[in-house]
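# Kindly generate the corresponding structure for this input.
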Amino acid sequence: MPDIQRKPTLSRHLWVIYILSIILLAFIWYLEWVLGIIMTPLLAASFYYTVKTEKALLDKTEAYISAISHRIKKVGEEALLEMPFGIILYNDDYQIDWSNPYMNKFTGEDSLVGESLHILSETLIPMIKENKEEVWIEIDDVKFLVLVKKEERLLYLLDRTEQIELETLYENDQTVLAFIFLDNYEEITQNMDDTAKSQLNSEVTSVLNKWASDYGLYLKRTSQERFLAVGTKKILQNLEKVKFDILDEVREMNGEQNNPVTLSIGVGTGELQLPALGELAQTSLDLALGRGGDQVAIKNDNGKVRFYGGKTNPMEKRTRVRARVISHALTELIRASDNIIIMGHKSPDMDSIGAAIGILNIARTNNVNGYIVVDPDDIDTGVYRLIEALKADSEVWQHFIEPFEAEEIVTSQSLVVVVDTHKPSMVADASLLNKTDYKVVIDHHRRGEDFIDNPTLVYMEPYASSTAELVTELLEYQPKGLKLKMLEATALLAGIIVDTKSFTLRTGSRTFDAASYLRSKGADTVLVQKFMKEDLDLYIKRSKLIERAEVYRDSVAISKADSGITYGPVLIAQAADTLLTMSGINASFVISEREDGKIGISARSLGEVNVQVVMEKMNGGGHLTNAATQIEDTSLVEVEVLLKQILEEYFEGRET
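Numbers count the residues shown, from 1 in each chain. Predicted structure coming up:
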């Protein structure tokens, strides 16, 4: 603060006037001494009056300055001590040297001097060391924004509790839209009389209305099988806490039926206008249905998706209409294309290769050149014998090309057909997807968040046992042209047999229909068994994996391979399948290192545990009973710990 208390003095201009007046008076005395005698007392009186007036003004100014200086000093002291925010000075050891009284009421201490900054928050010192300029802490339910002046070792603590409460209130009151769909209403009511149908409608509506009333939702039935729900983000949080138990309530409402009613719910949330929220809710519903139904998909405006439910296997549909429509649509796309490029996922299995061969036959039937993309350096031992058999058939093998060859022949009018996966990160050559606008996805996995952009045609049926089953149905509706060769039919049948574990898992009536069709086309079951044979060394390696299994939570088998030993994805999948056959085991997880440096997990279940949900939390995916993931930059021990944490959360959510 500048020094405003210095003693006032006569102004400089008065002294100048005084000196000039004396010089003038002396000059008058010199010219006319009589006039000088008269002027001298007059000048003295004038000067006396002027000095007296100036001094009075200076005294008044001095008094004013003294008073205002005292007030400023007092205000400064009071402001420092009575500021409605915290001020703390700390030393090099992060101990408090001084704090204003404002902070005492939050810590319960008479004085904070000498205390460590830890008394305020355990995170404060680490954040200061990281050169954070702003830090959020909480003291006695009061939320502070801490402004850090590290050079001055000074902290300002600003109470932002009301601001946070207002932000939370705004956040909680954001509108949320949801579309509710009765997955199998049409199939269930198809053979019902009017009385039974009316009773089912009444029961479903009653359960949903009570649920909406309990949580404060506005619910409106828009058609026989669709509802619109409007709520807030706070209501959505409450629904997520109970993991949308309405799914279980509706499913168990008529659980005595072989095919109970199930719900799918698509939720749109975020800071969007209502039309955009509606579109978000619809895409969420499409995603839930694409994953098999009986679940909730919540999509935020940032693109993130959360899933709940999905505890049951999707029910098989009763109509082949969709397969016939897809087959005809695929035929039209093929005939309008320059060529057909078919690819499955990386490290292809029997299902991927078999489905690709089936699509190749459809292309050839319609007189369009078709090619299957396979990387020779990415062939797993599980399909080695099938590949060798295909190489012996030059008529079929000539259509197999490597990724670099596909990139040379692809045009903007090419049709790229992706089978047995829908994730662009998993296809044999992702660059091909960007070189044409015409893409078809045929897959039997539940739809995940990662999906191929703007596909022209999508045929995803999670109820199907395999992609080979779907492609076989498409073949049945193709023009009677090129006959399906024995080796092609056998490859498709091998895909079905491998994915169903010889017709023991995920097998419906349509699966046997497809297998019957392939047998009628010459599929050789003995040859399938030859394709599926394994080496003795691989059998021994798989046995070692099984030997290392431990039982977790009474019914889950977890096997972790030795560090430094790599296993292929097929081998760990086979080990997981074998563990699932053990008494009392409902789910199995096999963890091992891979040749590419990643940690792989293969997961299997009998349906009571949704391994797809578990693997999705580890950036993987798959089916309710069959899933996997690969994790980078981690260790076997860390992956095992993470897996058990996710399983704990999974089981806790189902025990509440």
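
# Using CSV, write out every CA atom in the host helix or strand of residue 240.
According to DSSP states H and E, residue 240 maps onto helix 233-241. Presented in CSV, the C-alpha positions along helix 233-241 are these (Å, rounded to 0.1, in the frame of the first residue of the first chain):
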residue,chain,number,x,y,z
LYS,A,233,-31.8,-38.8,-15.9
LYS,A,234,-32.3,-39.3,-12.2
ILE,A,235,-35.0,-41.8,-12.9
LEU,A,236,-32.6,-43.6,-15.3
GLN,A,237,-30.0,-43.8,-12.6
ASN,A,238,-32.5,-45.4,-10.2
LEU,A,239,-33.4,-47.9,-12.9
GLU,A,240,-29.8,-48.7,-13.4
LYS,A,241,-29.2,-49.3,-9.7
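
# tell me which residues of the helix or strand following that helix are tucked away?
The helix or strand immediately downstream of helix 233-241 is helix 246-253, counting by DSSP H and E. For helix 246-253, a neighbour-count test (16 or more other CB atoms under 10 Å) marks 246-248, 250-251, 253 as buried. All C-beta spots, glycine's among them, are computed from the backbone N, C-alpha and C.

# rewinding a little: averaged pLDDT, the helix holding residue 240. What do you get?
Helix 233-241 carries an average pLDDT of 91.

# what helices or strands is it leaning on?
Under the contact criterion of 3 or more CB pairs under 8 Å, 6 or more residues apart in numbering; DSSP states H and E, helix 233-241 touches helix 161-172, strand 175-182, helix 194-215, strand 263-269.

# can you give me how far the last one is from the chain middle?
Centre-to-centre, strand 263-269 and its host chain are 16 Å apart (CA atoms, centre = their mean, to the nearest Å).

# For it, which strands pair with it and how are they oriented?
Sheet pairing here is set by DSSP bridges, and for strand 263-269 it gives strand 175-182 (antiparallel), strand 295-300 (parallel).

# pLDDT on the shortest one, on average?
Within the predicted structure, the mean pLDDT of strand 295-300 is 88.

# So what touches whichever helix or strand comes after it?
Remark: after strand 295-300, the chain's next helix or strand is strand 305-309, criterion DSSP H and E. Here strand 305-309 makes contact (CB atoms under 8 Å, 6 or more residues apart in numbering) with 240, 243-244, 247, 284, 287-288, 291, 294-299, 449, 613, 616.

# Kindly recompute the last result at 6 Å.
243-244, 247, 294-299, 449 (CB atoms under 6 Å, 6 or more residues apart in numbering).

# Make CSV from the helices and strands packed on helix 233-241 and add mean pLDDT, distance to residue 360 and mean neighbour count to it.
Formatted as CSV, the helices and strands packed on helix 233-241 follow (pLDDT from 0 to 100; distance: least, CB to CB, whole Å; neighbours: other CB atoms under 10 Å):
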stretch, mean pLDDT, distance to residue 360, mean neighbour count
helix 161-172, 84, 53, 12
strand 175-182, 93, 36, 22
helix 194-215, 89, 45, 14
strand 263-269, 92, 34, 26
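
# Give me the pLDDT value at residue 8.
48.

# typo on my end, residue 636
Here the pLDDT value assigned to residue 636 is 91.

# Kindly report the same for residue 11.
Value for residue 11, per-residue pLDDT: 60.

# same check, this time on residue 381
On the pLDDT scale, residue 381 gets 69.

# likewise residue 331?
For residue 331, the model assigns a pLDDT of 89.

# Repeat that for the one 4 residues further on.
Note for residue 335: predicted pLDDT of 89.

# Number of residues surrounding the closest residue to it other than its chain neighbours?
Among residues not flanking residue 335 along the chain, residue 366 sits closest, at 5.5 Å (CB to CB, 6 or more residues apart in numbering). Neighbour count for residue 366, taken as other CB atoms under 10 Å: 20.
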